[in-house]
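**Student:** Kindly return the folded structure for what I paste below:
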Amino acid sequence: MTLRDYQLKAVDRSFEEWETNSSTLIVVPTGGGKTQIFSEIVRRMLPKRSLVLVHREELAFQARTRIEKIADIKCEIEMAEMRSETNLFDRTPCVIASVQTLYRRLDKFDPSDFGLLICDEAHHSTSATWRMIIDHFRQNDELKVLGVTATPDRSDEEALGQIFETVAFDYEILDAINDGWLVPVDQQMVSIGGLDFSAVRTTAGDLNGADLASVMESEKNVQGMVGSSIEIIGDRSSILFASSIVHAQMACSIFNRHKEGMAAFVCGTTERDDRRRILANFQDGTTQVLCNVGIATEGFDAPRATVVLNGRPTESRALYSQMAGRVLRPLTGLVDGLPTPDERKRAIAESSKPAALLIDFVGNSGKHKLMSSGDILGGNVSEEAIELAMTRARAAKGAVRISDLLEESEAKIKEEREARRKSEEARKARLVARVAYTKTSVNPFDVFDLSPIRERGWDSGRRLSEKQRNVLVKQGINVDEMPYVEAKAVLNEMFRRWDKKLSTMKQCVLLNKHGYQNTAKMTMQEASQLIDALAKNGWKRPTANAA
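**Tutor:** Alright, predicted model coming up:
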């Protein structure tokens, strides 16, 4: 199995981080192939043994299949009645264990038996049970720890920063869409008159389950959601995420009244064999709508699924990302093997699944900031642009392409910001100079035309090393006024520019001061020639060399 370019990059960067740290984190969106990534890492770690922690049965079997194929080794599972071999001569190079089982059997395992510990769906690793297991194996000073997860929310990020020393690789959903690995996202907001979340409490960072269920289980609300869904989805394969078992059962019944056998219902208490049959029927198209409660959020692959019906509104970015991720995969075998983003995006556009559709049912949200596609696709887009894009989505009559709205909104805000900057410069130019020279703070993001960076939780409180600070200070940047994540982004951009022999920060600032435009696109030599010409002309811009 050939890994994709970004997957290989994630693998390489993990080993680079382990040169100076014992633990690191990989963030890749749902559908991005996290299992392929850590399977390759298991292969490269050989002959050292690996232990993979999972929290659900489906994830254990999925991991075993991928690891055995990619690493070409035998894996054992430690879960419920299944037990791995500890005998030196019979044990396998890799063990996959469920957290629920392993924490009761820790005494069975010697920490020194493993060289690598992988935490799948690592946003769960902040719980007490996971921490107990991780701490047990960290008694081995030689152990390397890897966490893999899709986009977590900020509270998760901050907690993960206490477990994993660095983030080796962070690949956003929008990056994967732009690279042609995931399908584009359309968003449709459907207003349901009876939905009122204003009285719903917030518990542990999300809407209180009992309060939410009482709203969503209203017959009028369920009828409104299912009725509008039937009109929108047509014959497209769809997943309904319900707020409760009663909610899912009610919705399933209404779907099936419309068309017999249209929908099936599954939850955590569904018998194992029945659950497998129901999921298999949905995956092969026998069932059009899967009404589920907490089953399809993780470890569930259904590439033919196209629509998410979000009957489980949430304040959690991580949960919304997991739900949306179920429908972001392209059709099986469609894009792998195509060498360029344009070819992959063309193949997706011409397929029977050219985009995914996220349907959010909206009403009075009250004080709650409910998640939507803009929150998980925003990446490094500014909060202003996300809010503007989602305001436009709510006002639209039908489905809208969110990536386009985000891009247009960011451009509009940037244009307004630039207009304000020019207005301020013009105002200052009209003022009589009171001093011969005033030192002003220069924003390197403006100089290099970089996109804004949103601070992630695991970067909170981090500081640049003295060596990193000195590099920025020598370029005239006031690092004390910059958050860590922005300073690191500028530092990376400087190294990239030096490597590509592009204009430096000081060159750009000097040329901008004398009215030159697009200086970030110049080479170092081009910028140097213009500066030489300026100096020879008494620091007045030569007309012949005007840019």
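**Student:** any weak-confidence spans in the chain?
**Tutor:** Low-confidence segments of the chain (pLDDT under 70): 1, 89, 151-156, 379-380, 425, 427-442, 452, 454, 544-547.
**Student:** Domain-wise, how is it divided?
**Tutor:** Annotated domains of the chain cover 5-171, 185-408, 432-545 [automatic domain parsing].
**Student:** Output those domains in CSV; the columns should cover distance to residue 179.
**Tutor:** For every residue, glycine as well, the C-beta is placed using N, CA and C. CSV is the format used below for these (distance: least, Cβ to Cβ, whole Å):
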stretch, distance to residue 179
domain 5-171, 7
domain 185-408, 5
domain 432-545, 16
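**Student:** Which among the ones you listed is found nearest to residue 422?
**Tutor:** domain 432-545 (12.0 Å; Cβ to Cβ).
**Student:** In the stretch 351-500 of the chain, what residue spans correspond to strands?
**Tutor:** With DSSP state E, counting those that start in this stretch as the criterion, the stretch 351-500 of the chain has strands at 356-364, 400-401.
**Student:** How about the stretch 201-350 of the chain?
**Tutor:** With DSSP E, counting those that start in this stretch as the criterion, the stretch 201-350 of the chain has strands spanning 202-203, 206-207, 238-241, 263-266, 289-292, 307-310.
**Student:** Export stretch 43-63 to PDB, keeping only CA atoms.
**Tutor:** Taking Å, rounded to 0.1, in the frame of the first residue of the first chain, the C-alpha atoms of stretch 43-63 are listed here in PDB:
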ATOM      1  CA  ARG A  43       7.000  -0.800  10.300                       C
ATOM      2  CA  ARG A  44       9.900   1.600  10.600                       C
ATOM      3  CA  MET A  45      10.200   1.000  14.300                       C
ATOM      4  CA  LEU A  46      10.900  -2.700  13.800                       C
ATOM      5  CA  PRO A  47      12.500  -4.700  15.400                       C
ATOM      6  CA  LYS A  48      11.200  -2.800  18.400                       C
ATOM      7  CA  ARG A  49       7.700  -3.800  19.400                       C
ATOM      8  CA  SER A  50       4.700  -1.500  19.200                       C
ATOM      9  CA  LEU A  51       1.600  -1.300  21.400                       C
ATOM     10  CA  VAL A  52      -1.500   0.400  19.900                       C
ATOM     11  CA  LEU A  53      -4.200   1.700  22.200                       C
ATOM     12  CA  VAL A  54      -7.800   1.900  20.900                       C
ATOM     13  CA  HIS A  55     -11.100   2.500  22.700                       C
ATOM     14  CA  ARG A  56     -13.500   0.600  20.400                       C
ATOM     15  CA  GLU A  57     -13.700  -2.900  18.900                       C
ATOM     16  CA  GLU A  58     -14.100  -1.600  15.300                       C
ATOM     17  CA  LEU A  59     -10.900   0.400  15.700                       C
ATOM     18  CA  ALA A  60      -8.900  -2.600  17.000                       C
ATOM     19  CA  PHE A  61      -9.800  -4.800  14.000                       C
ATOM     20  CA  GLN A  62      -9.300  -2.000  11.500                       C
ATOM     21  CA  ALA A  63      -5.800  -1.300  13.000                       C
END
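**Student:** Next, the buried residues of that stretch.
**Tutor:** Judged by neighbour count using 16 or more other Cβ atoms under 10 Å, the buried positions of stretch 43-63 are 43, 45, 49-60, 62-63.
**Student:** Quick check, residue 504 in contact with residue 524.
**Tutor:** Yes - assessed by Cβ atoms under 8 Å, residue 504 is found in contact with residue 524 at 6.5 Å.
**Student:** Mind listing the shared neighbours of these two?
**Tutor:** Common neighbours of residue 504 and residue 524, using Cβ atoms under 8 Å, 6 or more residues apart in numbering, are residue 497.
**Student:** follow-up on the earlier one: so which of the domains of the chain is nearest residue 177?
**Tutor:** domain 185-408 (6.3 Å).
**Student:** how far does that closest one stretch from start to finish?
**Tutor:** Domain 185-408 has an end-to-end distance of 15 Å (criterion: Cα to Cα, to the nearest Å).
**Student:** dump the residue contacts of the closest residue to residue 56 other than its chain neighbours.
**Tutor:** Closest residue in space to residue 56, ignoring its immediate chain neighbours: residue 299 at 5.6 Å, by Cβ to Cβ, 6 or more residues apart in numbering. Contacts for residue 299 were tallied using Cβ under 8 Å, 6+ apart; they are 56, 58-59, 62, 121.
**Student:** What about the residues you listed, which are in helices?
**Tutor:** The helices, defined by DSSP state H, take in 58-59, 62 from those.
**Student:** since we're on residue 135, how many residues are nearby?
**Tutor:** Applying other Cβ atoms under 10 Å, we find 11 other residues in the vicinity of residue 135.
**Student:** Can you tell me how far it is from residue 105?
**Tutor:** 16 Å (Cβ to Cβ, to the nearest Å).
**Student:** dump the residue contacts of the nearest residue in space to residue 238 that is not next to it in sequence.
**Tutor:** Excluding the flanking residues, the one nearest residue 238 by Cβ to Cβ, 6+ apart is residue 307, at 3.9 Å. Under the criterion of Cβ under 8 Å, 6+ apart, the neighbours of residue 307 are 232-233, 236-239, 327, 356-359.
**Student:** Reformat those residues as TSV; add neighbour count.
**Tutor:** Output for these, formatted as TSV (neighbours: other Cβ atoms under 10 Å):
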residue	neighbour count
232	16
233	17
236	17
237	20
238	26
239	23
327	27
356	26
357	20
358	25
359	22
